[in-house]
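A.B. asks: quick one: sequence and predicted model below, then my questions.
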Amino acid sequence: MTHNEISGIIADVVMDTFSYGDFSTALHRRSQARRTPVNGTIEITHRCPLACVHCYNNRAMDDAEARRNELTFEEHCRILDEIAEAGCLWLLYTGGEIFVRNDFLDIYTYAKQKGLLISLFTNGTPITPKVADHLSEWRPFSIEITLYGRTRATHERITHAPGSYEQCMRAIHLLLERRLPLKLKTVVMTLNRHELRPMQQFAKEELGVEFKFDAMINCRLDCSRSPLAVRLGPQEIVELDLADSRRMAEWRRFAERFGGLVHPPGRSGELFHCGGGINSFAIDPSGRLGVCAFSRRETWDLRWGSFRDGWEQSLRNVRQKKITRRTKCVACKIKAICGMCPGNGELENGDAEEPVDFLCNVAHRRASALGLHIPPHGECEYCAAGAMHQLRNAVSQRTSGMT
């Protein structure tokens with residue numbers, strides 16, 4: 001799907017409605033049918049002035065080595081030409097911290113000139129009046145700043161960077177003064193849960209901006225489990241859902257829309273069932289193209305091959321992979337409200353198909369809170385039938401051991 005075809009879809013949608021949501025839904029539906037990469041994520045760097053306790057990026061690489069591995073400005077421009085030609089419309093720049101690259105604004109401006117709708121994820125610390133002025137001239141589609149606490153003590157206990165709280169606050173006000181499309185968000189963990197409500201009030205009542213939170217913390221890309229030390233427990237995560245009526249309503253709508261078996265019995269199911277490799281992609285700082293930022297085992301090197309070839313060959317092959325064994329996930333009807341995916345399986349278990357126990361636990365508690373019916377699905381210890389099955393197995397093993 002080329003930009004001309006996308007323009008045609010936009011014209012069709014606008015004739016019917018002026019809703020951005022309707023436009024986005026229509027375009028994603030058509031892009032999925034045509035396998036067009038309309039959504040892209042580019043991790044511009046893994047470098048960052050913060051050392052957050054929960055971060056999924058690897059820390060073994062020092063800044064000098066990380067910088068040497070990064071794509072050059074010229075390579076970024078070539079890739080932007082290629083993804084725009086392939087039909088990309090929405091592009092997210094993330095990191096690391098995007099603004100630590102001295103040439104990021106040049107890369108960003110080039111992307112803007114390609115007609116892309118660009119979102120920026122940042123911790124805000126490097127944003128100066130000069131950066132804010134440039135963004136005001138070349139407005140992003142959205143910019144999201146992560147706030148880790150409402151107090152300096154909590155924020156910097158997470159970031160391990162003295163002064164980062166004031167820098168974050170400065171960035172927020174610089175962007176608001178220029179009326180940029182700012183949103184605030186946080187990662188809720190054991191270190192800042194007590195300040196979630198104050199952060200929400202600060203964003204919505206004092207600043208008048210959208211605020212969102214996520215409590216899902218992942219292992220690092222090298223599969224280190226150290227970030228999990230600050231992850232909330234399953235019940236705590238569901239309690240956060242229950243405390244927010246809008247959030248519960250969204251989960252219910254999501255469950256109703258995407259509920260049911262992901263892989264119906266008798267049908268060979270695909271390993272991946274997200275948009276990765278169908279209408280979305282991710283590129284890491286060194287130019288490796290993959291289906292998402294977490295699933296990095298099979299990637300395409302954009303330094304040596306074109307985006308088009310990577311999309312049509314490598315990512316198509318990844319999306320054609322099938323499940324090789326029947327786990328409890330295969331027969332689960334509440335997978336829509338579970339974060340289990342091949343990427344999470346790889347990070348937490350070293351196996352794309354092995355169910356992540358933590359996510360299963362959260363999903364069952366969330367389904368119970370929503371009043372959803374959970375049919376038995378194999379040896380799942382979080383539903384009654386599965387627990388009974390495990391108990392029978394344990395008794396049988398014990399009995400056989402006694403004879």
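C.D. replies: Everything's here; your move. Numbering: from 1, shown residues only.
A.B. asks: in this structure R231 contacts I217, no?
C.D. replies: Yes - counting by C-beta atoms under 8 Å, R231 does reach I217; the two are 4.3 Å apart. For the C-beta atoms, the positions are set from N, CA and C on the backbone; glycine is no exception.
A.B. asks: quick check: neighbours shared by those two?
C.D. replies: Listed contacts common to R231 and I217 are 54, 189; contacts here mean C-beta atoms under 8 Å, 6 or more residues apart in numbering.
A.B. asks: ok, R225 - contacts?
C.D. replies: For R225, the contact set (C-beta under 8 Å, 6+ apart) comprises 219, 348.
A.B. asks: at 7 Å instead, please
C.D. replies: Going by C-beta atoms under 7 Å, 6 or more residues apart in numbering, R225 touches C219.
A.B. asks: look up how far G149 lies from it.
C.D. replies: Per C-beta to C-beta, to the nearest Å, R225 is found 24 Å from G149.
A.B. asks: swap in V38?
C.D. replies: 35 Å.
A.B. asks: how about K321?
C.D. replies: 41 Å.
A.B. asks: compare these two and say which is more crowded by neighbours.
C.D. replies: G149 (22 against 15; other C-beta atoms under 10 Å).
A.B. asks: for that one, give me the pLDDT.
C.D. replies: What the model reports as pLDDT for G149 is 98.
A.B. asks: surely it meets M189?
C.D. replies: No - G149 lies out of contact with M189 (C-beta atoms under 7 Å); the separation is 10.3 Å.
A.B. asks: which residue packs closest to the spatially most central residue of the chain, ignoring adjacent ones?
C.D. replies: Nearest residue to the geometric centre of the chain (C-alpha atoms, centre = their mean): A293, 7.7 Å. With C-beta to C-beta, 6 or more residues apart in numbering as the criterion, A293 has its nearest non-adjacent residue at 4.7 Å, and that residue is A282.
A.B. asks: and what of V230?
C.D. replies: M189 (4.2 Å).
A.B. asks: the one you found - how many residues pack around it?
C.D. replies: Neighbour count for M189, taken as other C-beta under 10 Å: 20.
A.B. asks: that one: what secondary structure?
C.D. replies: M189 falls in the coil class when you classify it by DSSP: H, G, I helix; E, B strand; the rest coil.
A.B. asks: element containing M169?
C.D. replies: Here M169, judged by DSSP states H and E, is contained in helix 164-177.
A.B. asks: can you give me the strands in the stretch 251-400 of the chain?
C.D. replies: With DSSP state E, counting those that start in this stretch, the ranges of strands along the stretch 251-400 of the chain come out as 280-283, 288-290, 300-301.
A.B. asks: meant to ask about the stretch 1-150 of the chain
C.D. replies: 39-43, 90-94, 117-122, 142-146.
A.B. asks: nearest to A255, out of those strands?
C.D. replies: Proximity to A255, assessed across these by C-beta to C-beta, is greatest for strand 39-43 (22.9 Å).
A.B. asks: the closest one pairs with which strands, and in what direction?
C.D. replies: Here strand 39-43 is paired, per DSSP bridges, with strand 90-94 (parallel), strand 280-283 (parallel).
A.B. asks: winner for burial among these?
C.D. replies: strand 280-283 (a mean of 24; mean count of other C-beta atoms under 10 Å).
A.B. asks: list the contacts of that strand.
C.D. replies: Residues contacting strand 280-283 (C-beta under 7 Å, 6+ apart): 37, 39-43, 79, 289-293, 302, 311, 315.
A.B. asks: these two touch, right, C292 and P342?
C.D. replies: No - using C-beta under 7 Å as the test, C292 is too far from P342 to be in contact (8.8 Å).
A.B. asks: can you pull the contacts of L289?
C.D. replies: Per C-beta under 7 Å, 6+ apart, neighbours of L289: 281, 283, 299-300, 302, 307, 310, 314.
A.B. asks: quick one: which of these is nearest T128?
C.D. replies: I283 (26.7 Å).
A.B. asks: please consider this matter closed, and thank you.
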